[in-house]
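**Q** Below are the sequence and a predicted model for it; my questions follow.
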Amino acid sequence: MSEPLVRVRGLSKQFGANTVLDGIDLDVARGSVAVVLGPSGSGKSTLLRTVNHLEKPDAGFVEVDGEIIGYRREGAQLRELSDRAVTRQRSRIGMVFQQFNLFPHKTALENVLEGQLAAGVRRRAAETRGRELLDRVGLADKERSYPRQMSGGQQQRVAIARALAVEPELMLFDEPTSALDPEMVGEVLGVMKDLARTGMTMIVVTHEIGFAREVADQVVFLDDGRLVEAGPPGDVLVSPTHERARAFLSAVL
Ligand SMILES: Nc1ncnc2c1ncn2[C@@H]1O[C@H](COP(=O)(O)OP(=O)(O)OP(=O)(O)O)[C@@H](O)[C@H]1O
């Protein structure tokens, strides 16, 4: 494997007495796609949210392109970064959620521009890039539409364009198709497949096993906060070794 873009080491997170992540180790190679599977409550969302420091780990760390997210090394110690420094780190990580979270009173194009304008990109340059991105997700004709005038699949594609606008080097997807009507799942997965083909590094939490089979370079399985299985889809999906992974996959395949 080439030098990983993402290195997760000993990552643990508790909510009260509930251990939600329990010593997760994971490498994601630059330009590769990791799909995270696991039963409800196994910690998949928390893992993604900890990767971009929306949740602070209780132990362990996440490193993206050599930088520890939320911390800097000081000798053997990790020291917390300022909010501003964390925001800067986060701008290199795009995230797409199950709920599209678009601003309802802004058009598709204005939604896509948001992050760029906040980052100080000039309006004209931001608009040019925003239009390119809407075109890339197949929505060039929707730039003036408001979220309520778009289908769920279209809104999610706007959300993907918005996440891409600040040129992230890593994209996180948290069940991006779970809130969609079935006929719209394909169009969103299509955009994600195209993105994977361009060499974007992606960590995707999804129940779409077909996507995992077709696009993932590695599939990891979480059970009760532990990473119990990791490998190429041809191994993990076909002959999982862990009992819970076997049961889960035989239920969904
Ligand atoms: N902010 C929080 N405060 C307290 N408990 C939380 C919080 N976020 C998540 N949890 C708990 O952590 C556990 C793991 O949740 P998480 O959402 O990461 O699982 P998941 O695998 O993504 O589940 P699902 O597939 O249902 O979305 C659950 O028991 C959940 O109730």
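**A** All right, it came through fine. Numbering: from 1, shown residues only.
**Q** Just the buried residues of the strand or helix carrying L249, please?
**A** Following DSSP states H and E, one finds L249 within helix 243-252. Across helix 243-252, burial judged by 16 or more other Cβ atoms under 10 Å covers R244, A245, F248, L249. (C-beta placed from N, C-alpha, C; glycine too.)
**Q** Ok, stretch 63-74 next?
**A** Those would be E63, V64, E67, I68, I69, G70, Y71, for stretch 63-74 by 16+ other Cβ under 10 Å.
**Q** now, which of the residues you listed sits nearest R90?
**A** Distances from R90 to the buried residues of stretch 63-74, taken as Cβ to Cβ, are shortest for I69 (7.9 Å).
**Q** quick one: that closest one and S91 touch, right?
**A** No - look at I69 against S91 with Cβ atoms under 8 Å: they stay out of range, at 11.8 Å.
**Q** coming back round to it: may I ask which two of the buried residues of helix 243-252 are separated the most?
**A** R244 and L249, at 9.5 Å, using Cβ to Cβ across the buried residues of helix 243-252.
**Q** Could you give the number of residues near the residue of the stretch 51-200 of the chain found nearest the ligand?
**A** Relative to the ligand, the nearest point of the stretch 51-200 of the chain is E175 (6.4 Å; Cβ to the nearest ligand atom). By other Cβ atoms under 10 Å, 20 other residues sit near E175.
**Q** Tell me which residue lies nearest the centroid of the chain.
**A** By Cα atoms, centre = their mean, the mean C-alpha position of the chain lies nearest to L172, the distance being 1.0 Å.
**Q** Who is that one paired with across the strands?
**A** For L172, the beta-bridge assignment (DSSP bridges) gives partners M95, I203.
**Q** Please report the distance of it from R144.
**A** For L172, the distance to R144 equals 29 Å [Cβ to Cβ, to the nearest Å].
**Q** do the same with L237
**A** 42 Å.
**Q** who has more neighbours, these two?
**A** Each of L237 and R144 has its neighbours counted (other Cβ under 10 Å); L237 has more, 22 against 10.
**Q** ranges for the strands of the stretch 101-250 of the chain?
**A** Using DSSP state E, counting those that start in this stretch, the strands of the stretch 101-250 of the chain run over residues 170-174, 201-205, 218-223, 226-231.
**Q** Each with direction, which strands does the last one pair with?
**A** When pairs are called by DSSP bridges, strand 226-231 turns out to pair with strand 218-223 (antiparallel).
**Q** Surely V8 is within a helix?
**A** No - checked against DSSP: H, G, I helix; E, B strand; the rest coil, V8 lies outside a helix; its state is strand.
**Q** Pull the number of nearby residues for the closest residue to it other than its chain neighbours.
**A** What sits nearest to V8 in space, not counting adjacent residues and going by Cβ to Cβ, 6 or more residues apart in numbering, is L26, at 4.1 Å. Residue neighbour count, defined by other Cβ under 10 Å, stands at 20 for L26.
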